[in-house]
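Chemist: okay, predicted coordinates and the sequence, questions at the end:
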Amino acid sequence: MTLRIDRVVTSGTFSLDGGTWDVDNNIWVVGDDSEAVIIDAAHDAAPILAAVDGRKVVAIVLTHAHNDHIGVAPELAEATGAPILLHAADEMLWEQTHPGVPHGDLVDGQTIEVGGESLEVINTPGHSPGSCVIWSPSAKVLFSGDTLFQGGPGATGRSFSSFDDIIASIRDRILVLDDDTRVCTGHGDETTVGAEAGDLDEWIRRGN
């Protein structure tokens with residue numbers, strides 16, 4: 001069975017530590033023609049629900065809890081009846097945007113079944129403590145959130161982030177995957193593991 005992957009791009013703002021930036025976010029709707037998982041919940045629910053197109057939503061999976069990735073999660077949950085799943089280490093960030101709103105937990109090694117496929121949760125702290133990537137072994141696709149982009153790691157210059165941790169996460173949890181693994185990112189263009197694997201030493205040299 002082929003994993004169906006629909007990309008939705010929404011625009012809005014990201015705010016943290018007193019600053020606000022304009023951003024375009026990727027949301028990934030993953031599954032088959034009957035079921036889907038929504039990966040991230042950025043800015044505007046309507047185009048995300050349009051991509052769902054009436055399918056049963058198994059879960060709304062949040063790669064991390066920066067406000068630009070979680071803003072419409074409660075709205076999507078209400079519209080679809082699906083649970084919101086977020087790693088517990090990002091609870092302090094979740095509370096900044098959705099205080100008191102309950103959600104389920106993502107756990108390292110957890111599997112999420114959708115459309116006859118298994119998605120694996122891999123905790124990759126660094127961009128935030130609870131950052132996770134979502135891995136489809138059968139399709140060889142990684143949904144990397146803000147942990148890995150085309151050209152380098154996610155930003156680590158803000159609260160609750162760590163450059164050393166994100167480098168360790170990428171080295172030990174992502175670059176061990178096959179070079180032809182497709183990497184679907186939280187912002188911008190996708191890449192592959194192989195395209196990024198040779199640049200780790202340069203990332204460390206320049207720091208972040």
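Modeler: Sure thing, it's come through. Numbers count the residues shown, from 1 in each chain.
Chemist: what helix or strand is F14 on?
Modeler: Element membership of F14, judged by DSSP states H and E, is strand 4-16.
Chemist: strands paired with that strand, and their directions?
Modeler: Strand 4-16 sits in its sheet next to strand 19-31 (antiparallel), going by DSSP bridges.
Chemist: which positions in the partner strand come out as buried?
Modeler: Going by neighbour count (16 or more other CB atoms under 10 Å), the buried part of strand 19-31 is 23, 25-31. For every residue, glycine as well, the C-beta is placed using N, CA and C.
Chemist: just to revisit the earlier point, what is the mean pLDDT for the strand holding F14?
Modeler: Mean pLDDT, computed over strand 4-16, is 97.
Chemist: just the CA atoms of it, as CSV, please.
Modeler: Provided in CSV are the C-alpha atoms of strand 4-16 (Å, rounded to 0.1, in the frame of the first residue of the first chain):
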residue,chain,number,x,y,z
ARG,A,4,-0.9,9.1,0.7
ILE,A,5,0.9,12.4,1.6
ASP,A,6,-0.9,15.7,1.1
ARG,A,7,1.0,19.0,1.9
VAL,A,8,-0.8,22.1,3.1
VAL,A,9,0.9,25.4,3.4
THR,A,10,-0.5,28.1,5.7
SER,A,11,0.8,31.5,6.7
GLY,A,12,0.8,33.4,10.0
THR,A,13,3.2,34.3,12.8
PHE,A,14,5.5,32.7,15.3
SER,A,15,5.9,34.4,18.6
LEU,A,16,8.3,33.5,21.4
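Chemist: quick check: the gap between D33 and G54.
Modeler: 10 Å (CB to CB, to the nearest Å).
Chemist: let me fix that, I meant to ask about L62.
Modeler: For L62, the distance to G54 - CB to CB - is 23 Å.
Chemist: right, and the helix or strand after the helix or strand where I134 lies?
Modeler: For I134, the element it lies in under DSSP H and E is strand 132-136. Under the assignment DSSP H and E, the closest C-terminal helix or strand after strand 132-136 is strand 141-145.
Chemist: re the thing from before, ok, residues contacting the strand holding F14?
Modeler: Contacts to strand 4-16, defined as CB atoms under 8 Å, 6 or more residues apart in numbering, come from residues 20-33, 36, 42-44, 47-48, 50-51, 66-68, 71, 115, 139, 141, 158-159, 184.
Chemist: list the buried ones in it?
Modeler: 4-6, 8, 10, 12, 14, 16.
Chemist: distance from that strand to the middle of the chain?
Modeler: Relative to its chain's centre, strand 4-16 lies at 10 Å (CA atoms, centre = their mean, to the nearest Å).
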